[in-house]
Structure formats: structure tokens, C-alpha cells
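Trainee: need coordinates for the following:
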Amino acid sequence: MNDPIADLLTRLRNASRAKLNECAMPHSKLKASLAGILKSEGYINDVTEGTDAKGHKTLVVSMKYVGGTPALTGLKRVSTPGRRLYFGYNDIPRVLNGLGISILSTSQGLMKDQDCRRNKAGGELLCNIW
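Mentor: Residues are numbered from 1 along each chain as shown. Next up, the predicted model:
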């Protein structure tokens, strides 16, 4: 797998469109941190760690639905392994005029766009979520 973040986003997008209750994926610290941000913003219900049949760590995401419609309506990978995009805290683009969030990888860890502007930290723009 070349791009684990794109894999995470694709699994979440497919699970929300299929209206699945849970979505499982291989575990990593980056994925767990990204899922933690989604949980704190209210896009997913819960994130737990488990193991699969072979004993590998997995990340299990409990999907959130509001009135039968998914809380995650859109996920887009912005910076890719072939094209990295870096932004200063003044230049971070807004997602749907502030209705969505951007997740950036900074020197202080993963942060959403509002926190980056508040802490004056720029970094690599990983994805947009709305």
C-alpha cells in the first residue's frame, strides 16, 4: 500500500455509502490520530483498537448517521505521495466556507485547520472533510 491515508479515507467513504455500522482497517499511529480528530469533530461515533484473525492490530471505526444519512458526506485527499502540498497558517484554504475541516500534519502533530490558525502552525494539508 503506497498511501495509507487515502486507504483510510476510501474505506470510510465506502462504509458510509454502504451504510455500514463499523469499518475496520490496519492500525497505525497516523490513522488513529486522524480518526481521533474525526471523532472529536462529530463525524464518527467511536474509534477502538482490536486485532484480526492473524493477530495484527486493527482500527475499528463506528460510523455515525443522522436520520439515516451519513455524517461524512465528503472526504478528499489533497496532498498525495507524488504531490505534497504545504501551507503556512495564513494560507490554509477553507472547506465549504468553514462548514468542513482540513486536517494538516504539523510539527506539533495532526491538527485541524482552525487549530493551525490559532497556534500559528503550518504544515502539509492531508485531507478535506465535510
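Trainee: who's in contact with stretch 118-127?
Mentor: 5, 9, 34, 75-79, 84-89, 91-93, 102-108, 110-111, 115-116 (CB atoms under 8 Å, 6 or more residues apart in numbering). Any C-beta I mention is one placed from the backbone N, CA and C, and that applies to glycine too.
Trainee: repeat the analysis, applying 10 Å as the threshold.
Mentor: 5-6, 8-9, 30, 34, 75-80, 84-93, 95, 101-113, 115-116 (CB atoms under 10 Å, 6 or more residues apart in numbering).
Trainee: care to break the protein down by domain?
Mentor: 4-70, 78-129 (automatic domain parsing).
Trainee: with mean pLDDT and mean neighbour count added, can I get those in a markdown table?
Mentor: Shown next, in a markdown table, are those (pLDDT from 0 to 100; neighbours: other CB atoms under 10 Å):
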| stretch | mean pLDDT | mean neighbour count |
| --- | --- | --- |
| domain 4-70 | 97 | 15 |
| domain 78-129 | 97 | 16 |
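Trainee: and the helices in the chain?
Mentor: All helices of the chain, identified by DSSP state H, fall at 4-17, 29-41, 113-119.
Trainee: can you list the ones you listed in JSON lines and add distance to residue 70?
Mentor: What follows is those, written out as JSON lines (distance: least, CB to CB, whole Å):
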{"stretch": "helix 4-17", "distance to residue 70": "4"}
{"stretch": "helix 29-41", "distance to residue 70": "12"}
{"stretch": "helix 113-119", "distance to residue 70": "22"}
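Trainee: now for these, which one comes closest to residue 61?
Mentor: Closest to residue 61 of these is helix 29-41 (CB to CB; 5.7 Å).
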